[in-house]
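Trainee: for reference, the sequence and a predicted model appear below.
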Amino acid sequence: MKTNVAAAPQFCAGIQHFGLAWEGYSQYAQSAVIKEGKSAISDPRAPDAVYQTLLMADALRYLTLQTCGSKGSGHPGGFASSAEAYASLVMLGHTNIVTEVGHHAPGFYSAMFLDTSLEEMGIKTVTDLMTRFREKHGLLGHLSGAIPGLLAPAGPLGQGQHFAMAGALLHPGKLFPVTIGDGGMGEPYVLNSMMHFNTAYPKVTNFLPTLIWNGYSQEHHSMVSRFSNAEMIAYWKGHGFKEVILVDAKEFDDTNQSSAYADSSYFSHKQRLAFAAAVLAGVDKAAKSALGGTLTAFIIKQMKGTGVHTVGAKSHNLYPADSLDKPHMIEGLQRRALNPEAWSIVRDNFVRAGGGPAARTVVTEHVLDIAPLGKMPLHEFAKGEKAVPSTAMGALAAYVGTKDKRFVVSNADGNEASAMKNINDALKIRHPTVDPLYNQEPEGQVYEPLNEDACAGLASALALFGSRALWLSYESFAINGWPIVQTVAQAMAELRRKTPSIVTMFTAGALEQGRNGWTHQRPEIENYFAAQMRNGNTYPLFPCDANAIQAAYEYATNSFNKCMVIIASKSPLPVYMSVDEARHAVEEGAATIHESPNFANMGGSKGTVVFAVTGDMIFLPVFEARDKLEAEGYKVRIVAIVNPRRLYRPTDISWDTVSEPDNKFMDDAHFNALFDGDVLLGVSGGPSAVLEPALLRTRATKRDTFAWKRGETTASPAEIMEFNGLTADAMVKRVKVLKG
C-alpha cells in the first residue's frame with residue numbers, strides 16, 4: 001500500500017517520516033478496536049486488538065525518538081523497551097499509570113500527546129510537542145505531575161512505587177500500574193517497600209509493578225542483567241509476589257540475535273505480532289490478578305532501545321550529535337514510521353482508553369474529598385509549667401485520625417520512642433498480628449516499616465494524591481526519606497489542584513540524644529529545610545513549647561500544597577506561650593517570649609540584647625544567659641522564631657510561582673520591633689541557616705550566631721550543648737565582646 005501523506009490527521013504536523021501500511025493493515029486496522037463509547041478492547045486475544053497494540057507501541061517509539069532528537073537531548077531508550085507493555089495497559093483501559101523512571105518522560109509525554117491531554121498546554125501538533133520539549137513552561141526533562149494526565153513526578157529512582165501504592169489504597173477497584181526499570185532496582189527499598197505495604201495492607205493489591213527488564217542501566221549493564229528468568233521470578237516471589245508473569249522477547253526471536261535481551265523490532269512481522277500478543281495477554285492476566293486480590297508483578301524482557309536509533313546503554317541518552325538530520329537518527333525513525341492512516345487509529349484508541357483523555361479521567365486530575373475535621377481540640381498548658389511538645393502534638397494527630405479514617409501516620413523508629421504513644425493508643429499500629437500490649441491491629445492507621453524511605457514515601461504520596469498523612473521521624477534519620485518529600489513538595493508547587501500539605505515532624509533532636517552519640521545527632525538537615533524555604537511552599541516550623549507545637553500542627557494540617565516540617569523535642573520543657581500567642585507566632589513568624597522591665601530606675605541600661613532563637617530545648621541556656629545579663633544591667637529580649645519563612649522579604653521567596661501562593665511576610669515595622677537592639681544573637685539548637693531571615697534583615701550591626709557544630713557522646717543535653725559552645729556563659733561573653 002502506498003503512503004498517502006495527505007491522509008495524515010492535523011496533529012501529525014511535524015512528523016518527518018511516514019511509512020507504508022503494514023501487512024494486514026486493511027484487515028486489522030479499518031477502525032479503532034476500542035469502539036466509541038467504550039474504554040478498553042473487548043477481547044485481548046482478538047487479532048485486531050493485538051495488531052493495534054503493536055501500532056500503538058511503534059507510534060510511541062517514533063514520537064519518543066523524534067521528540068528527543070529535536071533537541072538532541074532526552075532519554076528514548078528505556079521507554080522504547082517498555083512500549084508493548086505500556087500500549088497493552090492503555091488498550092486494556094488502565095491509564096492511571098505512574099513510573100519509577102524519570103528517564104521515561106518523553107514516552108509518557110508522547111502518550112499524553114496522543115490522547116490529547118497535552119492540548120490543555122497548547123500542544124496540539126508534533127511540531128508543538130518538539131518545540132515545548134525540555135523548555136521552560138513546557139515538558140521538563142523528567143516527569144512532573146503538573147503535566148496534564150500524569151499522576152505523579154518521577155526523577156530520583158526508587159520512588160514511583162509509593163505513588164502506585166497510595167493510589168491503590170485511596171481508590172479500590174482501580175489499577176495503578178507502575179513501570180520500574182531494572183537499572184533502578186539497585187535503589188533502596190523498591191521491592192522491600194512493596195513487601196512491607198502488602199504485609200500491612202494485604203487486601204490492597206490493585207497496584208501492578210511492571211518491570212522493564214532490558215539489561216542496562218544508564219551507562220552500563222544493569223546489576224540484575226545476568227539473572228535467569230527463573231531467578232528474576234524467584235526474586236519477586238521472595239518479596240511476597242504470588243503471581244509473577246514474565247514475557248521474554250527472546251522466545252519469539254526469529255533473527256538469531258546473540259544477546260539474552262532481544263530487540264523485537266527486528267523480528268519478522270509475524271513474530272512481532274506474536275510477541276505483542278503475549279505481552280497483551282500477559283498484562284491482561286496480571287491486571288485481573290492484581291484487581292482480584294493477588295499481589296502480582298508483570299515483567300517484560302527485551303533489549304533497551306528496542307526500535308529506536310541504537311540499543312543498550314548507548315540508547316539511554318541523546319547528545320547534540322544525535323540530531324534529526326543525522327543518518328542513524330533518520331534510519332531509526334524510518335524503521336518505526338507508520339502510514340498516515342495508522343496515526344488516526346492510534347489516536348482514537350488513546351482518546352477512548354480509560355474513558356477519555358488522561359487529563360480528564362485519571363484520579364489525580366480531581367480534588368479528593370476529605371473528611372472535615374472541625375475545630376481541633378488544642379490543650380492549653382499554663383505558662384511556666386513543663387510539658388512534652390511531641391506528646392502534645394500526638395494528641396492532635398490522634399484526633400485527626402479519628403475524624404479522618406484515611407489518615408495515615410508513618411514512623412520507622414516508633415511513636416513510643418518519640419513520646420507519642422498517644423497516637424498508637426488511639427489509632428493503632430497496622431499489623432497482621434493482633435496484640436493489645438503493642439497497640440497492634442490489622443486495620444490500624446499507624447504505618448511502621450523500619451525504613452524512612454518507605455515511611456516518607458507512603459505519607460508524601462498520599463498527600464500528593466489528595467489525602468492527609470503525617471510522617472514522624474527522628475531528625476537524625478530524616479535524611480533517609482527526605483528526597484521523596486522534596487520531590488512531592490516541588491510537585492505540589494506545580495499542581496493545578498488543591499491537595500493537603502505533606503506534614504512531617506522530626507523529634508529526638510541532637511540536644512536530647514547525648515547517650516546515643518553522634519549517630520543520633522544530625523540536625524544539619526535543618527539547613528536542607530532552610531534552603532527549601534526559598535522554593536515558595538516549604539515551611540520549617542520551630543515551636544518553642546507544647547502550646548506552640550499544637551498551633552504549628554493545626555496550621556500545617558489546615559494548609560494545602562505545602563511542605564510543613566515541624567521540629568520539636570520529646571522532653572518536658574517550659575511553656576512560654578499561651579495557645580493564642582502561639583497561633584499568632586506561627587502566623588506572623590515570630591514572637592517575643594521575654595522582655596526585660598525598664599531599667600531607667602536602676603540608673604540606665606548597658607544596652608539591649610536580642611536573642612533570636614529557633615528550637616525549644618535551646619531556650620534553657622538562653623534564659624540562663626538572660627538571668628546573667630539582666631543581673632549586670634543589660635536589657636534582654638528573647639524572640640522565638642517559630643515560622644522563619646514569614647520573616648523573609650517577599651523578594652527572597654518564589655511565593656508567586658507556586659500553587660496556593662502565600663504572600664504573607666512580616667513587614668519592616670513589626671520586624672524591627674522584634675529584632676532591633678544593640679546586640680543580636682541568633683541561637684539555634686541545630687545549624688544556623690534557619691536564622692538567615694533574621695540576620696538578613698536586622699538593623700543591629702553587632703550580631704553573631706550560636707549554632708550546632710558536631711555530635712559527641714554525652715551524659716546530658718547540657719553537656720552536648722557545652723561541647724558545641726551553646727552555653728549561657730559563652731553567650732554572655734559574646735555579648736560583652738560585641739558590646740565592647
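Mentor: That came through, no problem.
Trainee: what's around A7, how many residues?
Mentor: Residues lying near A7 (other C-beta atoms under 10 Å) number 14. C-betas here are computed from N, CA, C, even on glycine.
Trainee: all helices for the stretch 201-350 of the chain, in order.
Mentor: Applying DSSP state H, counting those that start in this stretch to the stretch 201-350 of the chain gives helices spanning 229-237, 269-291, 327-336, 340-352.
Trainee: oops, could you answer that again for the stretch 401-550 of the chain instead?
Mentor: 421-427, 452-464, 482-494, 525-533, 546-557.
Trainee: and of these, who's closest to E251?
Mentor: E251 sits nearest to helix 452-464 of all the helices of the stretch 401-550 of the chain, at 34.9 Å, using C-beta to C-beta.
Trainee: the helices of the stretch 201-350 of the chain: which one's closest to F133?
Mentor: Closest to F133 of these is helix 327-336 (C-beta to C-beta; 15.1 Å).
Trainee: in that closest one, what counts as buried?
Mentor: Buried residues in helix 327-336, counted by 16 or more other C-beta atoms under 10 Å: 329, 332-333, 335-336.
Trainee: for these, which one is nearest T53?
Mentor: For the buried residues of helix 327-336, the closest approach to T53 (C-beta to C-beta) belongs to R336, at 15.0 Å.
Trainee: who's in contact with that closest one?
Mentor: Taking C-beta atoms under 8 Å, 6 or more residues apart in numbering, we find R336 in contact with 19, 58, 61-62, 65, 265, 307-308.
Trainee: redo that, cut-off 7 Å
Mentor: With contact set as C-beta atoms under 7 Å, 6 or more residues apart in numbering, R336 has these partners: 58, 61-62, 307.
Trainee: of these, the lowest pLDDT goes to which?
Mentor: Minimum pLDDT for the contacts of R336 is recorded at G307 (95).
Trainee: need phi/psi at that residue.
Mentor: phi 80, psi 10 (degrees, to the nearest 10).
Trainee: contacts only, for the residue nearest to it when sequence neighbours are not counted.
Mentor: Distances taken as C-beta to C-beta, 6 or more residues apart in numbering put S265 closest to G307, at 3.7 Å, once the chain neighbours are dropped. By C-beta under 7 Å, 6+ apart, S265 lies in contact with 306-307, 335.
Trainee: any idea how many residues pack against K285?
Mentor: Neighbours around K285, by other C-beta under 10 Å: 15.
Trainee: how near is the residue nearest to it when sequence neighbours are not counted to T210?
Mentor: Ranked by C-beta to C-beta, 6+ apart and with sequence neighbours excluded, the top spatial neighbour of K285 is I245, at 5.9 Å. Using C-beta to C-beta, to the nearest Å, I245 is found at 10 Å from T210.
Trainee: got it, and K301?
Mentor: K301 is 12 Å from T210, where distance means C-beta to C-beta.
Trainee: G356 now?
Mentor: Here G356 is placed at a distance of 23 Å from T210 (C-beta to C-beta).
Trainee: wait, doesn't L680 sit right on A612?
Mentor: Yes - with contact defined as C-beta atoms under 7 Å, L680 counts as touching A612 (6.2 Å).
Trainee: okay, now P320: neighbour count?
Mentor: Residues contacting P320 under the criterion other C-beta under 10 Å number 8.
Trainee: please name the nearest non-neighbouring residue to it.
Mentor: Take P320 and drop its neighbours on the chain: the residue closest to it by C-beta to C-beta, 6+ apart is G72, 4.3 Å away.
Trainee: just the contacts of S265 now: which is nearest L450?
Mentor: Distance to L450 across the contacts of S265 (C-beta to C-beta) is lowest for T306, with 38.6 Å.
Trainee: my read: that closest one touches S82, true?
Mentor: No - T306 is not in contact with S82 according to C-beta under 7 Å; the separation is 9.0 Å.
Trainee: if I look at the residue nearest the centre of the chain, how far off is E494?
Mentor: The centroid of the chain falls nearest to V488 when counting by C-alpha atoms, centre = their mean (3.2 Å). Counting by C-beta to C-beta, the gap from V488 to E494 is 11 Å.
Trainee: got it, and T519?
Mentor: Per C-beta to C-beta, T519 is found 36 Å from E494.
Trainee: can you check M121 too?
Mentor: 12 Å.
Trainee: try Y51
Mentor: Y51 sits 38 Å away from E494, going by C-beta to C-beta.
Trainee: okay, the two: which has more neighbours?
Mentor: Per other C-beta under 10 Å, whichever of Y51 and E494 has more neighbours is Y51, with 22 against 17.
Trainee: got the domain boundaries for the chain?
Mentor: Per the record, the chain has its domains at 41-365, 386-586, 587-739, by automatic domain parsing.
Trainee: now render those as CSV, adding distance to A7.
Mentor: Formatted as CSV, the domains of the chain follow (distance: least, C-beta to C-beta, whole Å):
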stretch, distance to A7
domain 41-365, 4
domain 386-586, 35
domain 587-739, 42
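Trainee: select, out of those domains, the one closest to K35.
Mentor: So among these, domain 41-365 is nearest, using C-beta to C-beta, at 7.6 Å.
Trainee: gap between the two ends of the closest one?
Mentor: Taking C-alpha to C-alpha, to the nearest Å, the first and last residues of domain 41-365 lie 24 Å apart.
Trainee: any idea how many residues pack against D667?
Mentor: Per other C-beta under 10 Å, the neighbour tally for D667 reads 8.
Trainee: I should have written E120 there, sorry.
Mentor: Counted with other C-beta under 10 Å, the neighbours of E120 add up to 16.
Trainee: repeat that for V613.
Mentor: For V613, using other C-beta under 10 Å, the count is 27.
Trainee: got a list of what it touches?
Mentor: With contact taken as C-beta under 7 Å, 6+ apart, V613 is in contact with 619, 622, 638-641, 683.
Trainee: for those, which one is nearest A469?
Mentor: The nearest member of these to A469, counting by C-beta to C-beta, is I641 at 26.7 Å.
Trainee: returning to what we had before: tell me the one of the buried residues of helix 327-336 nearest I97?
Mentor: R336 (21.4 Å).
Trainee: how close does the residue nearest to that closest one when sequence neighbours are not counted get to A146?
Mentor: If the residues on either side of it in the chain are set aside, R336 comes closest to Y62, at 4.3 Å by C-beta to C-beta, 6+ apart. Distance, Y62 to A146, using C-beta to C-beta: 26 Å.
Trainee: thinking again about what came up before, which one's more surrounded, G356 and T210?
Mentor: Per other C-beta under 10 Å, whichever of G356 and T210 has more neighbours is T210, with 25 against 16.
Trainee: pretty sure that one contacts F176?
Mentor: No - using C-beta under 7 Å, T210 makes no contact with F176, being 10.6 Å away.
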